[in-house]
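J.: Kindly return the folded structure for what I paste below:
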Amino acid sequence: MFKTVLFPIDQSREAREAADVVTNIVQKYNSRLVLLSVVEEPSPNGDAGDIMGSPEVVAKLLENAQTLFSQQGITAEVLERQGKPAFTICDVADEIGADLIIMGFRGLGLTDEGANDSVTTRVINLSPCPVLIVP
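T.: Take a look at the predicted model:
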């Protein structure tokens, strides 16, 4: 059913908590797992935003996640991309033929003002495949 699962990760607690759900689904469906970390492009004023900006931090995060899944008997591929997170996640999902995107949810989009800024909300609206949100 879910041949390829895309798991976009960052340093958030929500992403760590979603890892358990990812493990269960990937094991149940014997899915291919692709871990994605998006480095947000710097804004015109030079800020990298609150998403990870250092290539070293991203590399370590992906390595740790890959090790975590490896301990569960899951081989995970890793991708690092630069861009706007929501658009990049959806582009990668399309590129790899993902059948499912699994993401943690920070709750930042619960207000009208926050909904426009929520990566999760944007991914839900733009995704080429189903999106499973782990609260």
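J.: Can you tell me the number of residues neighbouring S54?
T.: The number of residues packed near S54 is 11, by other CB atoms under 10 Å. C-betas here are computed from N, CA, C, even on glycine.
J.: wait, what's in contact with it?
T.: Under the criterion of CB atoms under 8 Å, 6 or more residues apart in numbering, the contact list for S54 is empty.
J.: Can you tell me how far it is from A98?
T.: Separation of S54 from A98 (CB to CB, to the nearest Å): 26 Å.
J.: now S31
T.: 10 Å.
J.: overlap in contacts of those two?
T.: Common neighbours of S31 and A98, using CB under 8 Å, 6+ apart, are T4, V5.
J.: So for the two, which residue has more residues nearby?
T.: Taking other CB under 10 Å, S31 and A98 do not tie; A98 has more neighbours (27 against 19).
J.: what about the residue nearest to the more buried one when sequence neighbours are not counted, which helix or strand?
T.: In space, not counting the residues next to it along the chain, A98 is nearest to L6; the distance is 4.2 Å by CB to CB, 6 or more residues apart in numbering. Here L6 sits within strand 4-8, counting by DSSP states H and E.
J.: need the next SSE after that strand, C-terminal direction.
T.: Trace forward from strand 4-8 with DSSP H and E and the next one is helix 13-29.
J.: Return that next one as PDB; C-alpha atoms alone will do.
T.: Output of helix 13-29 as PDB, limited to C-alpha atoms (Å, rounded to 0.1, in the frame of the first residue of the first chain):
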ATOM      1  CA  ARG A  13      10.200  17.300  19.300                       C
ATOM      2  CA  GLU A  14       7.300  16.600  17.000                       C
ATOM      3  CA  ALA A  15       9.600  15.000  14.400                       C
ATOM      4  CA  ARG A  16      11.100  12.800  17.000                       C
ATOM      5  CA  GLU A  17       7.700  11.700  18.200                       C
ATOM      6  CA  ALA A  18       6.600  11.000  14.600                       C
ATOM      7  CA  ALA A  19       9.500   8.600  14.200                       C
ATOM      8  CA  ASP A  20       7.600   5.800  16.100                       C
ATOM      9  CA  VAL A  21       4.700   6.100  13.600                       C
ATOM     10  CA  VAL A  22       7.100   6.000  10.700                       C
ATOM     11  CA  THR A  23       8.700   2.900  12.100                       C
ATOM     12  CA  ASN A  24       5.400   1.100  12.500                       C
ATOM     13  CA  ILE A  25       4.200   1.900   9.000                       C
ATOM     14  CA  VAL A  26       7.400   1.200   7.200                       C
ATOM     15  CA  GLN A  27       7.700  -2.200   9.000                       C
ATOM     16  CA  LYS A  28       4.100  -3.100   8.400                       C
ATOM     17  CA  TYR A  29       4.100  -2.300   4.700                       C
END
